[in-house]
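[1] With the input below, show me the fold.
(chains A, B, C and D, ligands or ions: 4)
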Amino acid sequence: MDVNMTRIRPYGDTLDDGYMQLSFTLPVPLCAEARKAAEILAEKMGLEDVKVVYAHSIADSFSFFVVYGRCIHSVDMTAIEIPKVDADFMSYEEINKFIENRIGRRIVVVAACTGTDAHTVGIDAIINMKGYRGEYGLERYPWFTAYNLGSQVPNEDLLAKAIQVNADAILVSQVVTQKNIHIDNLTHLAELVEAEGIRDRVLLIMGGPRISHELAIELGYDAGFGPGTLPSHVGSFIAQALAQSIRNRREQAREVYPCQTNP
Amino acid sequence: MDVNMTRIRPYGDTLDDGYMQLSFTLPVPLCAEARKAAEILAEKMGLEDVKVVYAHSIADSFSFFVVYGRCIHSVDMTAIEIPKVDADFMSYEEINKFIENRIGRRIVVVAACTGTDAHTVGIDAIINMKGYRGEYGLERYPWFTAYNLGSQVPNEDLLAKAIQVNADAILVSQVVTQKNIHIDNLTHLAELVEAEGIRDRVLLIMGGPRISHELAIELGYDAGFGPGTLPSHVGSFIAQALAQSIRNRREQAREVYPCQTNP
Amino acid sequence: MMRLDIDMTLVDRARCAAKRIADGIQPIIDAYTTTSIERCVLRLLGVNGVDENDVPLPNIIVDQALAAGLLEDGIAYWLGSAMLHEGVSLPEITAKLSSEKVSLDEVHPFDHETVRRAIWHEATRVCSYIKGRRLERERLITGVNSSVPPYLYVIVATGNIYEDVIQAKAAAKCGADIIAVIRSTGQSLLDYVPYGPTTEGFGGTYATQANFRIMREALDEVSRECGRYIRLVNYCSGLCMPEIAAMGALERLDMMLNDAMYGILFRNINMQRTFIDQHFSRMINAYAGVVINTGEDNYLTTADAYEEAHTVLASQVINEALAQRSGLRAEQIGLGHAYEMNPHMQDGFLYELAQAEMARTIFPEAPLKYMPPTKHMTGNIFKGHLMDAMFNLAGVISGQTIQLLGILTEHVHTPHLQDRYLAIENAKYIMNNARHLREEITYRKGGIMEKRANEVLAKATSMLEQVAEISLMSAIEEGMFASVKRERTGGRGLDGVIRKSERYYNPFPEIFMKELTSSDFQPVLWGDEVKG
Amino acid sequence: MMRLDIDMTLVDRARCAAKRIADGIQPIIDAYTTTSIERCVLRLLGVNGVDENDVPLPNIIVDQALAAGLLEDGIAYWLGSAMLHEGVSLPEITAKLSSEKVSLDEVHPFDHETVRRAIWHEATRVCSYIKGRRLERERLITGVNSSVPPYLYVIVATGNIYEDVIQAKAAAKCGADIIAVIRSTGQSLLDYVPYGPTTEGFGGTYATQANFRIMREALDEVSRECGRYIRLVNYCSGLCMPEIAAMGALERLDMMLNDAMYGILFRNINMQRTFIDQHFSRMINAYAGVVINTGEDNYLTTADAYEEAHTVLASQVINEALAQRSGLRAEQIGLGHAYEMNPHMQDGFLYELAQAEMARTIFPEAPLKYMPPTKHMTGNIFKGHLMDAMFNLAGVISGQTIQLLGILTEHVHTPHLQDRYLAIENAKYIMNNARHLREEITYRKGGIMEKRANEVLAKATSMLEQVAEISLMSAIEEGMFASVKRERTGGRGLDGVIRKSERYYNPFPEIFMKELTSSDFQPVLWGDEVKG
Ligand code: B12
Ligand code: B12
Ligand SMILES: Cc1ncc(COP(=O)(O)O)c(C=O)c1O
Ligand SMILES: Cc1ncc(COP(=O)(O)O)c(C=O)c1O
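    Ligands and ions are numbered 1, 2, ... in the order given. Predicted coordinates for the structure are as follows:
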């Protein structure tokens, strides 16, 4: 199959046929015009050969449609550059060894599911002993000290705890995304951290089913972890980022006061 | 619910939120860039707040996606004008009475599923005694004489039969639509009828699951019938269209030879 | 004939342990009241509305009383005294109190009998109103068409009550029997009930009395259109459990999510507060002819459904024992359970079905509420739709009463209109297509399913006996439920728990329990099932 | 133990009637040959390729013989004579014949024994090649992992063999066990087999020997990758039934759609032509270790699945009787049936399951092929996916062998890559999740299901006895199958039916039947089922 990576199109049963499936509801009673409207809408989206294969009236005032068509758009895969979590993923043992060798002290993290969000399963999967999919959580790592504050924690409390235990990383989980409540909440936390003046001392990490690393960078976080994240992914990142930032700080220090650090 | 008919948008759970669901496959291995490509594609189609909620690798070289997003396009329902089959739908009894009174002779129709298409269930539903969904087919109508030639009938044979029995209407069914084979076949039949010089003497009617009246008009047919068609729909149309065309011919005749017909 | 051969001696032992467990916490329930109970008393006595800062009047008055150290006597006692003191009617005195024209600590405490006489009339009046609403429901369900169980239960959760109404009506027209309006995230932690119609919630719509009324009216309308009675559900849980019970009773809600331990385990609400609140709130529900739904399904969202199935059963038996003490009839106790086994498990369907049959066998009269797959739902809506179908099949085979429909977009968003339509279509298709499969099949003696059911039962029984031994509160402290540990004095709301004084007065338990324990109390719950 | 209590005396009566039915048409099979059989003989003897007008060489030679009135002696007879006449080898003579350098009517007819000696060697050589391919399959399936039945069967149908390869490999990697390459519309009516790789078909891809080879190689490759043997299926039906059987045998296809009556009823192919062709083609299939799949499912695409279920069973018994006469072992006769009940029917699932169990009980050794819902599939892909799930459930409960997976877009288009992935996911989920449900449940004695199965059986038996009475050909003339009436001398292809002369010669039936009737003939068909 000879795929042109500069113009990727959907694949139905033949390369570049562009086939895709849509379903949606229009707030109008079902009639020939409504069907046509569904077709026109799909055309506006850039579908050709539009087939409204199913139309069903919902409660007399809505119409549900299943539509197939061939998408004229294509995507240049070669031009896609997305920020990726900058870490080599290591195993439990490797991470602990790495911290022992490169950092030489236990890494302290605080974690919570903040705001009104009460979904702890995700953050628990990363932090708690028990872990996730057969992997231990950070609590179990000898070279991590992890505080899991649980759910519905106000951002302020999370931050206070971080300061109190002198945390290296703040881990925040957001699951509820209705009306983008997670964005508000995550932005708020970043602002608090900034205001407290500790942003350069702490790794700010977000996670959740609708979280991407891209979003994290956008909101000024250091990393974002989405669905399927394992504790070791997070552990690897924290360890390496911390080692890096310690090195950076050392170098910065060297630049500013060259004679002090280099006697 | 205050729906603005000039700008209808999909409805998720709030008027005009624009929510729709997409699924498609990209011919690339699953990776972060592929996910992003899916997102970009959806954006190109005019979706906002795009969420790639599922991504699954198919056989290592394809990626399947389920995507939700909010469509920015809208459709002006008030501007939609679509050709509709021009007939008042009548019942079995009404149709027979109508023909008796207005035409005064049995209407002759020939029907077939032409080309290589062997799907007869649809045309049988319209023509055969047994009918469809509790309605009799045209064979059963005392005021119709119907010839059902069955499946995989060459267009030429259908036309020959129509001429032989002096048919009032030719009914053609097309079910297989792969590579638009139905369009080719239907166009071919229309050309044959035209070439034979009998186009003004015969109603040309198409039907099938992917047929619309709009398509019929486009291809120069008199009517097109899609999924869910009942025999009485077709019977009503034929009877009324025939009555109309007889009237037209009479009037034309009157215009050309006014004294002959109006002694 | 039992469908699954279950060891009934174990069932008896389990129930016996549950009785001991309930006995163990009864002293606390008897000795304490809570701010929420007292606010509820105010609501029942007609106190409603908010002040200029949107603070609900029941909160203003109860907070006053609490600050003044008077709440131990019961707000009714002081309300009565204030009425007598000021010589005005109940509406007048509450107006004065909430506008702080009268302060409770200036009120002269009247003797118990006098106060009782002053309040009793008002209390019985609201009770007969509530009873009237119950009878209204009975009238509405008698004679009209009714679906055959499993009843189809769907949720609406737009955050906006008016949009919810659109969704709910559409769902009813598609075939839903029961509509639940999901609450906004975080409402359960509010120590007051928001007021008025609301249009801004996250993941749900605030439970307010106005919202209850708006939705009830809409559903009454669509009930008439559909010729079926459409039931309304809300959440009677969180820090305002009793108040919401009262609101629901007043607005003719038909079901309430109401669990004896949910708030403790999943919202970190103080356990004493919760046990006390649930007892009173359940009396109200019982009296209003409401079917409660317990929340055992939640255990399986954090714990593994195969490993921890016995905790669900143990909790059901406890919920049952506690509910009975509030006067709820077996037919009103909609015990919750859930279809949450990992879908990739070989024979997972057999285990699920075994557990569903087990619940049905152990609680033959309960309108069991069966929760759909949620935890293992992913963004693969197609696979999710299938999991929901298997759940629907398990529901109809095992004869569940209330089927909370799974939604193919469970992982994605609160249900869109089309998601709910597809969910209802799914249930109707499966349940009709396999309607009498239940009567057609029997399970192998000593088979996988029978073994599984008895194994879960045995584990639950021994767990219950252990809990009975150490007391429920200690068991929760040890994390025996949902692997969550809570402390007796931890969590939210302990500050709202007040030891009753000698002269504590609350007119309602007496009124309610009198009716609930009479043999006349036979609320009609499910209509005639004029089968289609 | 029988899962459904079925009246076995009726089953015996049905089989007895089928034997009489088969006896009734045997004389025609014995007395005639067809152009397609003769072309097939040529193919087996190594004649392949096309002329400059793309006319296949077997057609050129057979048409010559037919025109010259020589076909009644069998093409092998004249080929042998021509070899002897020209004194050249088989490849040389066929080259000369097809380039019309030699004309058959100029050939001197040699005596039977001489011809026989000339041809025999070539004939046995190709037979051992075919046998070699069978043994190759046996080697490939022995020891490697194998899925547990029901085996997952999916179709590819892009029209382009190279695109089909992509689809087929992807499907195998998703978990498919069996891949069928659907033919282009109309191929069954072609009186020749197209040649070479093809990339232009409608609703399917042309069956050509090159396409068979390309796909077989691709599947062998993916089999190695997956560590499972992936089976290949094509259509051995239409006017070229015997030729396709030969092509499949040469290219190691594993299964063939091959029905004794399908072409008559659904393609209006002449019935005599069909009965003669199917007999010879089935010998080839038998010898090649191919599992045939009969086409009874097709009845239910035009007739109602509830009303006409007995015609499916009647046809299965006839197909079985005829297949046995071609030397097919019971394990090679993949009788077809289908899940086509109206999904809106109450208890429709029970009837479907009853019929599936009935088929399983009546044909315990047959690798039953279970066809998915197609007729009632609409553009509602979500509902369709559920119907397919219920079908998968019925398949695993009733223990079908070959499960042709339903595709959610059945109403829309031939399957897209993702549709097939979803179909396989559906089957894997359902069959794993309910894997041993079959062993766990028993059906009620005298219940809906048992009654249904026996009712269908009784109707089928009486139909078969009636058919036996009037003869199969008359029964078809009367429209007793699929409500389709066909005349004995109607339909396509009668002109290709030729009465054999005294000196008719075809070496293959003798070779095949000798092996097929020997007790050594024990083809390994399904591998070791090293269960996962
Ligand atoms: C379990 C569950 C619950 C449980 C939560 C129990 C608990 N203690 O957590 C209960 C029943 C209490 C619940 C309640 C509600 N829920 Co809920 N719930 C779910 C459910 C079924 C599963 C979530 C889950 O546990 N996933 C498993 C974990 C392991 O996955 P994860 O969270 O993605 O975590 C992984 C990664 O994202 C990442 N990760 C996550 N966090 C973090 C953090 C960091 C720092 C890092 C590095 C990584 C990381 O690592 C994890 C492991 O890989 C989902 C539906 C679904 N199938 O997804 C709905 C869902 C999340 N719930 C939802 C809602 C709306 C609610 C309610 C608000 C409804 C209501 N109004 O009552 C309530 C209230 C809760 C509240 N106040 O927040 C919605 C959210 C809609 C949206 N997108 O906004 C969902 C999608 C259901 C739906 N379709 O409506 N819920
Ligand atoms: C039954 C069926 C068959 C049967 C047909 C039996 C028969 N005698 O008709 C059999 C098994 C033989 C068959 C074979 C094939 N089929 Co087929 N088949 C179907 C199936 C399952 C149902 C079609 C049907 O009967 N619908 C019911 C009737 C009542 O509906 P209808 O046709 O829409 O008719 C209504 C209206 O459209 C209208 N109407 C129809 N015609 C006319 C004509 C007139 C004049 C009027 C007024 C109205 C009218 O009125 C009818 C009543 O309301 C569909 C899938 C599906 N669920 O739709 C696939 C389907 C149509 N088949 C398909 C294919 C590809 C084939 C094959 C080509 C596959 C192959 N390569 O072997 C073969 C070959 C057939 C051929 N040469 O054409 C594809 C077509 C894909 C496409 N869009 O191109 C489908 C969609 C399946 C799929 N997803 O692949 N098929
Ligand atoms: C018994 C019970 N109460 C309440 C809720 C709702 O939770 P919240 O506390 O967020 O309102 C649930 C959730 O499923 C429940 O099961
Ligand atoms: C036995 C059999 N042969 C052939 C076919 C294919 O039909 P066609 O004749 O179009 O190749 C089918 C279709 O399902 C079938 O069942």
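[2] what's C:Ala359 in contact with, if anything?
    Shown in contact with C:Ala359 (C-beta atoms under 8 Å, 6 or more residues apart in numbering or on different chains): C:Leu313, C:Gln316, C:Leu335, C:His337, C:Leu368, C:Ser398. Where C-beta positions appear, they are placed from N, C-alpha and C, glycine not excepted.
[3] can you rerun that using 10 Å?
    With contact taken as C-beta atoms under 10 Å, 6 or more residues apart in numbering or on different chains, C:Ala359 is in contact with C:296, C:312-313, C:316, C:335-337, C:366, C:368-370, C:398, C:400, C:453, C:456.
[4] Touching, C:Ala233 and C:Arg252? I think so.
    For residue C:233 the amino acid is Val, not Ala. No. With the criterion set as C-beta atoms under 10 Å, C:Val233 and C:Arg252 do not qualify as a contacting pair; they are 11.9 Å apart.
[5] what do these two both touch?
    Taking C-beta under 10 Å, 6+ apart as the contact criterion, the common neighbours of C:Val233 and C:Arg252 are C:Val290.
[6] Give me the phi and psi for A:Phe65.
    In this entry, A:Phe65 is assigned phi and psi values of phi -130, psi 140 (degrees, to the nearest 10).
[7] For it, the count of nearby residues, please.
    One way to gauge burial is a neighbour count; for A:Phe65, by other C-beta atoms under 10 Å in any protein chain shown, it gives 26.
[8] Name the nearest residue to it, ignoring sequence neighbours.
    If you skip the residues right next to it in sequence, A:Phe65 has A:Ala38 as its closest partner in space, 4.3 Å away by C-beta to C-beta, 6 or more residues apart in numbering or on different chains.
[9] same thing with C:Tyr287?
    C:Phe512 (4.6 Å).
[10] Any chance you could list what contacts the host helix or strand of the one you found?
    Secondary-structure assignment from DSSP states H and E places C:Phe512 in helix C:508-516. Residues from elsewhere that reach helix C:508-516, judged by C-beta under 10 Å, 6+ apart: C:37, C:40-41, C:44-45, C:76, C:116, C:119-120, C:123-124, C:126-128, C:130-131, C:242, C:246, C:279-280, C:282-288, C:325-329, C:521, C:523.
[11] Can you tell me which of those residues are buried?
    Among the contacts of helix C:508-516, those that count as buried by neighbour count (16 or more other C-beta atoms under 10 Å in any protein chain shown) are C:37, C:40-41, C:44-45, C:76, C:116, C:119, C:123, C:126-127, C:130-131, C:242, C:246, C:279-280, C:282-288, C:325-329, C:523.
[12] among the residues you listed, which are within reach of ligand 2?
    With C-beta under 6 Å from any ligand atom as the criterion, the subset of the buried ones among the contacts of helix C:508-516 in contact with ligand 2 is empty.
[13] thinking again about what came up before, of C:Val233 and C:Arg252, who's got more company?
    A count of neighbours by other C-beta under 10 Å puts C:Val233 above the other of C:Val233 and C:Arg252, at 27 against 22.
[14] one step back: considering the contacts of C:Ala359, which possesses the most neighbours?
    For the contacts of C:Ala359, neighbours were counted using other C-beta under 10 Å, and C:Lys369 has the most, 31 neighbours in all.
[15] For residue 159, which non-adjacent residue is spatially closest?
    Picking chain A for this. Distance criterion C-beta to C-beta, 6+ apart; nearest residue to A:Leu159, sequence neighbours excluded, is A:Leu192 at 5.2 Å.
[16] That was the other one, I meant chain C.
    Nearest-residue entry for C:Gly159: C:Gly201, 3.6 Å, with adjacent residues in sequence omitted and distances by C-beta to C-beta, 6+ apart.
[17] thinking again about what came up before, quick one: classify the residue nearest to A:Leu159 as helix, strand or coil.
    Per DSSP: H, G, I helix; E, B strand; the rest coil, the secondary structure class of A:Leu192 is helix.
[18] And it, how far from ligand 4?
    67 Å (C-beta to the nearest ligand atom, to the nearest Å).
[19] And for C:Phe363?
    50 Å.
[20] Please state the backbone phi and psi of A:Glu218?
    Torsion angles at A:Glu218 (phi, psi; degrees, to the nearest 10) stand at phi -60, psi -40.
[21] surely it meets A:Ile211?
    No. With contact defined as C-beta under 10 Å, A:Glu218 does not count as touching A:Ile211 (11.1 Å).
[22] quick one, which of these two is more surrounded?
    Comparing A:Glu218 with A:Ile211 by other C-beta under 10 Å, the one with more neighbours is A:Ile211, at 27 against 14.
[23] circling back: what comes up buried for the helix or strand that contains the residue nearest to A:Phe65?
    Here A:Ala38 sits within helix A:32-44, counting by DSSP H and E. The neighbour-count check on helix A:32-44 (16+ other C-beta under 10 Å) flags A:Ala32, A:Glu33, A:Ala34, A:Arg35, A:Lys36, A:Ala37, A:Ala38, A:Glu39, A:Ile40, A:Leu41, A:Ala42, A:Glu43 as buried.
[24] what does stretch A:225-236 give?
    Residues of stretch A:225-236 classed as buried: A:Phe225, A:Gly226, A:Pro227, A:Thr229, A:Leu230, A:Pro231, A:Ser232, A:His233, A:Val234, A:Gly235, A:Ser236 (neighbour count, 16+ other C-beta under 10 Å).
[25] do the same with stretch A:49-58
    Residues of stretch A:49-58 classed as buried: A:Val50, A:Lys51, A:Val52, A:Val53, A:Tyr54, A:Ala55, A:His56, A:Ser57, A:Ile58 (neighbour count, 16+ other C-beta under 10 Å).
[26] out of these, which are inside strands?
    Among the buried residues of stretch A:49-58, DSSP state E puts A:Val50, A:Lys51, A:Val52, A:Val53, A:Tyr54, A:Ala55, A:His56, A:Ser57, A:Ile58 in strands.
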